[in-house]
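A.B. asks: give the three-dimensional model of this entry:
(chains A and B)
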Amino acid sequence: MEKKKSSTLLKEKELSAKQSADYGKELLQNDKQFRIKAVSILVSVGVVVFIISLLSGRYHCSKADILKALGYGITELFIKAAELPGKLFGGGYDIKNPIAVSWSSDVDTILWVVRMPRIIAVIFIGGGLSLAGTSYQCVFRNPLVSEGILGVSNGASLGAVIAIFFSLGPTMTSIFAFFGGILAVALTYSCSRVFRGNPTLLLVLAGTVVGSLLSAGNSILKYLAPQDTKLPEITFWLMGSFAGISASKLTLLVPLIFSCSLGIYLMRWYLNLMSLGDDEAKALGVNTARARLVLIILSTVISSAAVCVCGIVGWIGMVIPQITRLVVGPDARRLLPCTFAVGAIFLMLVDMLCRCLIATEIPVGIITSLIGAPIFLILLKRVKEGWA
Amino acid sequence: MAVLSIEKATFSYNGTDEIFTDLSYTMESNEVFCILGPNGIGKTTLLKSLMNLHPLKSGVIKIDGNDLRNIGQRQLAKLMSFIPQTTQFTFPYKVLDVVLMGRTPHLNAMSQPSREDYQKSMEAIELLGIKDLIFRPVTQLSGGQLQLVMLARAIAQEAKFLLLDEPTNHLDYGKQMQTLSIIKAMKERNVGMIMTSHNPDHAFLACDKVAIMNRGQFTSVGTPDEVVTKKNLKEIYGIDVDIIEYEGSLKRKVCIPLLEGHFS
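C.D. replies: Below you'll find the predicted structure:
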């Protein structure tokens, strides 16, 4: 009799579930509204910050001229696109750019050679580091980790310091930094595979060990470096700077960070599951070993690419995912794109401060820490549930 | 109807000390199987072995004749779902998102939950009557609410078998009975269940078969009437228990622990 009762109860409930509205549609509609809102806010703020960023700097020139030059450049792009069919199929036609050139060539240089590449690099580095940080926080189930946890920054530093120590030139410094970071993480990963146990915990332990070994190597070289030539160079490199960015570096940096970010974004649903822990993710059908390896590789390439272009930029990878998570929630489907945008905007602002605050340029690592640390403390105090 | 068979399963964490040895049991997906046993005897380990989280030292576990180890993680998750004793959420996911995660084995690689997945998740949520919780962060739920969320996730997963590790743990009396009735209801949907419990009464309430796990073995396997006896309970829990037939409208046995004089 009891059995019968429970089964009829179930039937009733099942019936009401069948009759109920089309939830799938309703909830996806909900999601779409969120997306429209997020995109419109982030893109409009991003564009405003981007333009202000282009306008600001130590070189004195008329802001109107820069805006005009920018408008000219953008229209030129559209014109080129419009002329393309004509060029391809013959019977070419010329469209005249409606904006008349009224500014000196210095303005063009400042805009297109100095500021534009730098700001584009800043966007990709800020967004990429935040994204890498988010994926590490999910993989390691810890909101306090950042891309440095597996030793990528220490490895990249050591690579760069070796290159500077032996005077191999700036190009080699970047290459050494890039591969230094990747090798460090590879070393950490293989160390963690030697032992049995909780894989994420082992990775963190191995990362700490490898990181401290590498930083010891770093210190030795710093100690041995000539005090009045190499040591300052090393120190400045370690503090991070966007000053050395050129258009040629962009052609490497942007595709690398873009493709890896896209890779992480494609794995967004698995990122949610990884944050449940190894056993639970496996029980829900995730090949955790493979997912973890892929995520670590993608995040490491992003961080190494960022570090080799601009040195160590701390805090972004930890604080930006935190701040964004507090606003949009932990669901990686929403979090990943938002965190990229917030990271890019944040670093554009930081970069602006670096360039404009005092007469000489401030190393970016100093500003990110100066701004990041207090923001983090305020958030830690205000919202406790974010990492409950 | 799917068949789950455990054949001479042996497991060891370090290679020498065996947690359980040569366990065998076969069940179909319309049965509720309860494992009773003292603390620390390896019940959870067995469930994790069934989920291929702890690979066996020797022996095989088969579903419909296929060795678990050859099935592949995603395929396995379509056949078996698992609700652990406790779940720690690092991040405050919404209830709906957590239930949606149950749909993961049905998604193609790199794809996201679709409209159909949302629909199935919502049906599971409605079935358990937790519709008003869907936008609440799981980190703010009580133990009982969380248990219902996990059950909803398991229902959304649509697996043939469900492993429950002490599903009534930390629940109040009412929630315990609610969980047991959900278990019975899921049996009606042809889901086979293996649950561990510390309450022998639950075996009478909801289970078809019971095993007593002790010293690495199933020391006694059978229907609740055969297995939950004074002698067996004395052996595993070291206390005297009276078992009487309840003379009401429901024909059922009840365990009565006899506390008198136990410590004298």
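A.B. asks: what stretches of chain B score poorly on pLDDT?
C.D. replies: Within chain B, the segments meeting pLDDT under 70 span B:260-264.
A.B. asks: and the most centrally placed residue in it, what is it in contact with?
C.D. replies: In chain B, the C-alpha closest to the average C-alpha coordinate belongs to B:Leu164, at a distance of 1.7 Å (CA atoms, centre = their mean). Listed by CB atoms under 8 Å, 6 or more residues apart in numbering or on different chains, the contact set of B:Leu164 reads B:Ile83, B:Ile183, B:Met193, B:Ile194, B:Met195, B:Thr196. C-beta: built from backbone N, CA, C; applies to glycine.
A.B. asks: against B:Ile130, how distant is the first one?
C.D. replies: B:Ile83 sits 15 Å away from B:Ile130, going by CB to CB, to the nearest Å.
A.B. asks: and if you look at the last one?
C.D. replies: B:Thr196 sits at a distance of 24 Å from B:Ile130 (criterion: CB to CB).
A.B. asks: hmm, who's touching stretch A:178-188?
C.D. replies: A:150-160, A:162, A:203, A:206-207, A:210-211, A:214, A:296, A:300-301, A:303-305, A:307-308.
A.B. asks: mind saving the C-alpha coords of it as CSV?
C.D. replies: The C-alpha trace of stretch A:178-188 is given here as CSV (Å, rounded to 0.1, in the frame of the first residue of the first chain):
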residue,chain,number,x,y,z
PHE,A,178,58.5,32.7,-22.8
PHE,A,179,60.2,29.3,-22.8
GLY,A,180,61.4,29.8,-19.2
GLY,A,181,57.8,30.1,-18.1
ILE,A,182,56.6,27.1,-20.1
LEU,A,183,59.5,24.9,-19.0
ALA,A,184,58.9,25.8,-15.3
VAL,A,185,55.3,24.6,-15.6
ALA,A,186,56.3,21.5,-17.5
LEU,A,187,58.8,20.7,-14.7
THR,A,188,56.1,21.3,-12.1
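A.B. asks: could you pull up the mean pLDDT of it?
C.D. replies: Stretch A:178-188 shows an average pLDDT of 94 in the prediction.
A.B. asks: report the mean per-residue pLDDT for stretch A:264-278.
C.D. replies: On average, stretch A:264-278 scores 93.
A.B. asks: do me a favour and get the end-to-end distance for that stretch?
C.D. replies: Stretch A:264-278 has an end-to-end distance of 18 Å (CA to CA, to the nearest Å).
A.B. asks: do that stretch and chain B meet at all?
C.D. replies: Yes: using CB under 8 Å from any CB of the partner chain, we find that stretch A:264-278 touches chain B at A:Leu266, A:Met267, A:Arg268, A:Trp269, A:Asn272, A:Leu273, A:Ser275, A:Leu276, A:Gly277.
A.B. asks: and that stretch, how far from the chain's centre?
C.D. replies: 17 Å (CA atoms, centre = their mean, to the nearest Å).
A.B. asks: what do you get for stretch A:187-199?
C.D. replies: The answer for stretch A:187-199 is 26 Å, by CA atoms, centre = their mean.
A.B. asks: state the pLDDT value of A:Ala132.
C.D. replies: Looking at A:Ala132, the pLDDT reads 95.
A.B. asks: the closest residue to it other than its chain neighbours - how many residues pack around it?
C.D. replies: Spatial nearest neighbour of A:Ala132, excluding adjacent residues (CB to CB, 6 or more residues apart in numbering or on different chains): A:Ser299 at 3.8 Å. Residues near A:Ser299, counting by other CB atoms under 10 Å in any protein chain shown, number 29.
A.B. asks: equivalent analysis for the one 5 residues further on, please.
C.D. replies: Other residues lying near A:Ser304 total 28 when counted by other CB under 10 Å.
A.B. asks: same check on B:Ser114?
C.D. replies: B:Ser114, neighbours per other CB under 10 Å, totals 15.
A.B. asks: do the same with B:Leu4
C.D. replies: 24.
A.B. asks: list the contacts for it?
C.D. replies: Counted by CB under 8 Å, 6+ apart, B:Leu4 has contacts B:Thr26, B:Met27, B:Glu28, B:Ser29, B:Leu50, B:Ile61, B:Lys62, B:Ile63, B:Phe161, B:Gly192.
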